[in-house]
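# give me coordinates for this.
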Amino acid sequence: MELFSDKPGDEGLPGRERGLAMAAVMTMATMAVFDGSMVNIALPQIARALNISSGAAVWVSNGYLLSASMTLAIFAALASHIGFRSLFTAGLSVFTLASLGCALSSSLDVLIVMRVLQGVGAAATLSIGPAILRSVFPNRLLGRILGLNALIIATSTAIAPVLGGTILSAMSWQWLFAINIPLGVIAIILTLRVVPANPALTKSPFDVSGAVLSAVALGALIMAADSFSHPSAHELMTALTFGLIAVIAGIAFVWRQRLAPKPLLPLGMFASSRFSLAALTSLASFVSQGITFVALPFLFQSVYGYSAFVSALLFTPWPLGIILAAPHAGRYADRYPAAIISTIGLCVFAVGLLLLAQLPEHAQVWDIGLRSFICGLGFGCFQSPNNREMLSNASRENSGYASGVLAIMRTFGQCLGAALVGVILSVFAAQNTFQEAHAVQLSLWVAVIATVLAIVISVSRLRKSAANLQNG
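Numbering: from 1, shown residues only. As a prediction, this is how the structure comes out:
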């Protein structure tokens, strides 16, 4: 297999060790993504088992998401202080032990604490996973391995509800966490065995002020988005308060980064227009995906009347499209301009979303599947070349930071997308003006608009690249 072939002048690890390092990174990525979305389907069962309200059970999911989001930037910076292997191993260990804690939890408080720790462990690994892949694979294979990594993450996100439903149909909710334990142990062993023990890149003091400000800004932004989904005067004031905190903390963070001798996030990376535009393109595209992944279950269950399990199966064509497209897109990105390939993928993704937004009132299963398949093809064609564009336009010393930015764009895009669907559904439910079907359809049109915005941003980087070539 080409990914594990050796050629003279290759950077990174030999072929076999490359494969083991890849297995460690992708095993952890799969577990982290699964635990971010698979648990949602178990919330009703958890609420009944712990004798708590549905609203309280939601924090089993929110605690994980919030802690992961707040610490992504911190861990991306910490990697340069303690090294990739040390941070990845620590994150894996925390995640695995917290999974055991979740499986043994008998109260909501303990379960939420364990989920918060899980989110911290996931952030430590997801923030530097792509950077580790870059360090162990030669540059000639960067697009392909990032394509495979994107494939694993996107497919895991799509099939998590199906896997969660299957496990819950045969076992209790505790098994959703217990399955992480043997996988985590294997990943830890592989990491210690093959991932290089690279020394810390800097011995300068860690930017504690920047870390606190980034955590406050990111956490407040998530809380603001969540509060907007509840249509009441009190929740609106709460959302505005969190929004104001996010803006103030964000401004203070940028100010701190400009003054800090060793900033948490080097703003110089964003001087590269190709890096910045790739990051913005990623954010807009994941907003679209976040909207779609939340809106479609309402469409399948509330509008078309399918069961939760059948609705989960209707997602299958999406990851199938990603599986078919992502590896080829990553390979082509190693030979042709990645921005062009990712822009083509966005256009196909937009066509698929447009078709989903125009689904008839009584759609056939094959029709739903075909439109979802087109979305998967487009997203699979877009994501890995765009990730390559981001990482290849950051220096190797900044690869950990760039990897963190990539994870932040993905996480926040999906969070903002989910929040937008919550706002739309809540507004329509409060006014009783439209049926839920119309709210879902509007959500899908918003996803189309977000994708068009991503296309516009992506096309602008093509123009900048052409202008640079002419000036050169």
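# give the next helix or strand downstream of the least confident helix or strand in the chain by mean pLDDT.
Among the secondary structure pieces of the chain, namely its helices and strands, helix 308-313 has the lowest mean (mean pLDDT, DSSP states H and E), a mean of 70. Under the assignment DSSP states H and E, the closest C-terminal helix or strand after helix 308-313 is helix 317-333.
# which residues touch that following helix?
For helix 317-333, the surrounding residues in contact (CB atoms under 8 Å, 6 or more residues apart in numbering) are 143-148, 150-151, 154-155, 158-159, 341-342, 345, 369-370, 372-385, 388-389. Where C-beta positions appear, they are placed from N, C-alpha and C, glycine not excepted.
# now residue 119: how far from residue 286?
In this structure, residue 119 and residue 286 are separated by 18 Å, where distance is defined by CB to CB, to the nearest Å.
# same thing with residue 142?
For residue 142, the distance to residue 286 - CB to CB - is 21 Å.
# now for the closest residue in space to residue 95 that isn't next to it in sequence, how many residues are close by?
Computed as CB to CB, 6 or more residues apart in numbering, the closest residue to residue 95 that is not its neighbour in sequence is residue 121, at 3.1 Å. Using other CB atoms under 10 Å, residue 121 has 29 other residues around it.
# so residue 121 makes contact with residue 91?
Yes: with contacts defined as CB atoms under 8 Å, residue 121 counts as touching residue 91 at a distance of 4.8 Å.
# give me the element the residue nearest to residue 239 when sequence neighbours are not counted is part of.
Computed as CB to CB, 6+ apart, the closest residue to residue 239 that is not its neighbour in sequence is residue 227, at 3.5 Å. When secondary structure is defined using DSSP H and E, the element that contains residue 227 is helix 208-228.
# in stretch 392-399, what's buried?
Neighbour-count burial for stretch 392-399 flags 392-394, 398-399 (criterion: 16 or more other CB atoms under 10 Å).
# just those residues now: which is nearest residue 217?
residue 398 (20.7 Å; CB to CB).
# mind checking the SS state of that closest one?
Using DSSP: H, G, I helix; E, B strand; the rest coil as the criterion, the local structure at residue 398 reads helix.
# with residue 354 instead?
The three-state label given to residue 354 by three-state DSSP is helix.
# now do it against residue 83, distance only.
Residue 354 sits 46 Å away from residue 83, going by CB to CB.
# any idea how many residues pack against the nearest residue to residue 41 once chain neighbours are set aside?
Setting aside the residues directly before and after it, residue 41 is nearest to residue 164 in space (CB to CB, 6+ apart), at 4.2 Å. One way to gauge burial is a neighbour count; for residue 164, by other CB under 10 Å, it gives 22.
# over to residue 283?
Residue 283: 20 surrounding residues under other CB under 10 Å.
# residue 42 too?
Residues contacting residue 42 under the criterion other CB under 10 Å number 23.
# tell me the contacts of it?
Each residue near residue 42 by CB under 8 Å, 6+ apart is listed here: 164, 168, 173, 176.
# columns distance to residue 53 and pLDDT on top of those residues, output as a markdown table?
Compiled in a markdown table, the contacts of residue 42 are given as follows (distance: CB to CB, whole Å; pLDDT from 0 to 100):
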| residue | distance to residue 53 | pLDDT |
| --- | --- | --- |
| 164 | 21 | 78 |
| 168 | 20 | 78 |
| 173 | 16 | 86 |
| 176 | 20 | 88 |
